[in-house]
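Colleague: No letters, just coordinates:
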């Protein structure tokens, strides 16, 4: 019976929506449909949407179908376990009771730490659960309890996976040297979230700018005037010159290094060095657009004009 319908549903479970009430209430047909596409459950009769066998097969196929089932089924551990096994984010649709179940939550966060946001407040304060979450996705530190955002083990695990998770650590740990070093090693831009003390720590900032020169922006005023730091930053990214002190934007060594990495860094040099012929010629040799940032005097200089013409392939 219904062999043609079964064949159609085996190819496209969503074809169930084209059938009338009788066929949508036929468990055998609906099982074929949800086995092919879990979202076919939406077109089953209300009775079968509450049938554990049908729902179990649907969530094994698409875990987030759990959103469409009855509260009773959302509180069924077997069904919810199958759903989060298929898609950890199905945890969002589980009952409050099961979002407080360690076994269910652990199964979900092993796949996707970010689903910690759907766990109960009690489990967001469970160190073992939160550690597993941040090891999987450091950004999930956002959803940990205040207590665990103050736990060095948890925060170190989070920033080791995603340095930018430093944003969610408590203030004290955002000033902890070990934590900040670990964070900038993973992602130099984490320096943005460090407190004042690490931003004024030469080793910390040097580690960061060696990975991404533009994070010089987040260094202390003192270190923006430190030649070692700025030289390292512009060596990695010439555009970092914009964040250096006025004094170092007027330093020939620093500016030469910046434009050797990016000719357009000339725009961040001092007015004096934008009027330095050797520096301007070097910048144009690397990027003809640097001419825009030369002093008005040098833009009318014949040697500069010749270098520009050579760079763009014009005769002079």
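Modeller: Perfect, thanks for sending it. Note that the coordinates shown come from a computational prediction; the quantities given were computed from them, not determined experimentally.
Colleague: Flag the shaky bits of the stretch 101-250 of the chain, pLDDT-wise.
Modeller: Residues of the stretch 101-250 of the chain meeting the criterion pLDDT under 70: none.
Colleague: residue boundaries of the helices in it?
Modeller: Using DSSP state H, counting those that start in this stretch, the helices of the stretch 101-250 of the chain run over 102-111, 121-124, 127-136, 146-149, 152-161, 177-186, 196-199, 202-211, 221-224, 227-236.
Colleague: Take the ones you listed and write them to CSV, including mean neighbour count and distance to residue 29.
Modeller: For glycine as for every other residue, the C-beta is placed from the backbone atoms N, C-alpha and C. Formatted as CSV, these follow (neighbours: other C-beta atoms under 10 Å; distance: least, C-beta to C-beta, whole Å):
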stretch, mean neighbour count, distance to residue 29
helix 102-111, 20, 31
helix 121-124, 16, 39
helix 127-136, 21, 39
helix 146-149, 16, 48
helix 152-161, 22, 45
helix 177-186, 21, 52
helix 196-199, 18, 63
helix 202-211, 21, 58
helix 221-224, 16, 70
helix 227-236, 22, 63
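Colleague: Would you tell me which of the ones you listed gets closest to residue 48?
Modeller: Closest approach to residue 48 among the helices of the stretch 101-250 of the chain (C-beta to C-beta): helix 102-111, 24.3 Å.
Colleague: angle of the closest one against helix 127-136?
Modeller: When axes from the mean of the first three to the mean of the last three C-alpha atoms, to 10 degrees is applied, the directions of helix 102-111 and helix 127-136 differ by 20 degrees.
Colleague: tell me what helix 102-111 is packed against?
Modeller: helix 77-86, helix 127-136 (3 or more C-beta pairs under 8 Å, 6 or more residues apart in numbering; DSSP states H and E).
Colleague: now those helices in TSV, with distance to residue 45?
Modeller: Formatted as TSV, the helices and strands packed on helix 102-111 follow (distance: least, C-beta to C-beta, whole Å):
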stretch	distance to residue 45
helix 77-86	18
helix 127-136	38
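Colleague: Out of these, which gets nearest to residue 227?
Modeller: Nearest to residue 227, of all the helices and strands packed on helix 102-111, is helix 127-136, at 37.7 Å by C-beta to C-beta.
Colleague: and for the closest one, what are the contacting residues?
Modeller: With contacts defined as C-beta atoms under 8 Å, 6 or more residues apart in numbering, helix 127-136 is touched by 102, 105-106, 109-116, 119, 123-124, 140-141, 143-145, 148, 151, 153-154, 157-158, 161, 165.
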